[in-house]
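>>> sequence and computational prediction follow.
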Amino acid sequence: MAKIFQVSARAGMTRVVEPIARALLRAGVTPNAVTVAGTVGVLVGALGFGARGHLVAGALIVTLFALTDLLDGTMARMSGGSTKFGAFLDSSMDRVADSAVFGAVAYWLATQGNHSGVAAALVCLAVGSLVSYVKARAEGLGMTCNVGIAERTERLLIVGVGGILTGAGLDHALEVALWLLAAVSIFTVGQRMAHVHRQAQQLQPDGQA
C-alpha cells in the first residue's frame, strides 16, 4: 500500500514539476545546479530555522527544497539522462542534507533537555545513512535494492510532520515521530538486507555454500 501511494504521489508531482523543469533547462540551468541549490535550501531551513526552534518554518523550508530531488531528476531525464557525476553529486548532497536535518533536530532537542528525543534523532541519523548505504552497496555489486517502507522521501515527511505538530503546540509530537522513524528505518534496513540476500543466493553458483 505504501508503495502504491508513493508511486501515485510521485506521478502527480511529476505533472507539476515537468513544466518547471523545462523552463529551467531553457534558461540554461543545469540539474547539478538545482541539486546544489536544493541542498543549500535544506541547510538554511534546518540550521537557520529548525535548530533555533522555529520548527514550522524550518519544516516547510526543508520540505520545499527537498522536492528538488524530483526536479533535478526530471531535468536530467529531459536533457538526455543523468551523468555519473550527477548521480554521485545527488547522492552526496542527500547525505549532507539529511545530516543537517537530524543534526539540527538533535541540537534543538538537546537545548530543551529532551534526552530521549536526542537519542531518537541520532538513531535516525545513523540508520538513515545505513538505509542509503545498503542500497548503494548492493547496486555496486550488481544487484537491485529498490525496496523498503522508509525511503528518503518518507523519512523527511515523518520528521517534518512531527516538527510542524510540535511547533504548533503539540508537545512530544516530534519525539514520537523520531522514534517511529527510527523503527521503520531499522525495519527498512532489514528489508533491504533480506532482499539482497535472496538475490545473492540466486546468483550463487550451484554447489557453493
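Cool, got the structure.
>>> roughly how far apart are Ala23 and Val17?
Ala23 sits 11 Å away from Val17, taking Cβ to Cβ, to the nearest Å as the criterion. All C-beta atoms are positioned from the backbone trio N, CA, C, and that covers glycine.
>>> what's the answer for Glu175, then?
Distance from Glu175 to Val17, by Cβ to Cβ: 33 Å.
>>> that older thread, between Ala23 and Val17, point out the one with more neighbours.
More crowded of Ala23 and Val17, by other Cβ atoms under 10 Å: Val17, with 19 against 10.
>>> that one touches Thr68, doesn't it?
No. Between Val17 and Thr68 there is no contact under Cβ atoms under 8 Å: 9.5 Å.
>>> just the CA trace of stretch 39-47, in CSV.
Taking C-alpha atoms only, stretch 39-47 is exported to CSV below (Å, rounded to 0.1, in the frame of the first residue of the first chain):
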residue,chain,number,x,y,z
THR,A,39,20.8,21.3,-0.6
VAL,A,40,21.6,24.9,0.4
GLY,A,41,17.9,25.5,0.9
VAL,A,42,17.6,22.5,3.2
LEU,A,43,20.7,23.7,5.2
VAL,A,44,19.0,27.1,5.6
GLY,A,45,15.8,25.5,6.8
ALA,A,46,17.4,23.0,9.1
LEU,A,47,20.2,25.1,10.6
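>>> just how off-centre is it within its chain?
In terms of Cα atoms, centre = their mean, to the nearest Å, the centre of stretch 39-47 is set 14 Å apart from its chain centre.
>>> for it, which positions count as buried?
Neighbour-count burial for stretch 39-47, counted by 16 or more other Cβ atoms under 10 Å, picks out Thr39, Gly41, Val42, Leu43, Val44, Gly45, Ala46, Leu47.
>>> cool, stretch 58-73 as well?
Residues of stretch 58-73 classed as buried: 58-63, 65-73 (neighbour count, 16+ other Cβ under 10 Å).
>>> residue ranges of the helices in the protein, please?
Assigned by DSSP state H, the chain shows helices spanning 2-26, 31-43, 55-66, 68-78, 84-111, 115-140, 152-167, 173-203.
>>> report pLDDT for Leu71.
Leu71 is assigned 89 on the pLDDT scale.
>>> once you drop chain neighbours, what's closest to Ser99?
Of all residues not flanking Ser99 in the chain, Leu125 sits nearest, at 6.6 Å (Cβ to Cβ, 6 or more residues apart in numbering).
>>> what number of residues lie near that neighbour?
When neighbours are counted by other Cβ under 10 Å, Leu125 comes out with 20.
>>> ok, so what distance separates it from His115?
Distance from Leu125 to His115, by Cβ to Cβ: 16 Å.
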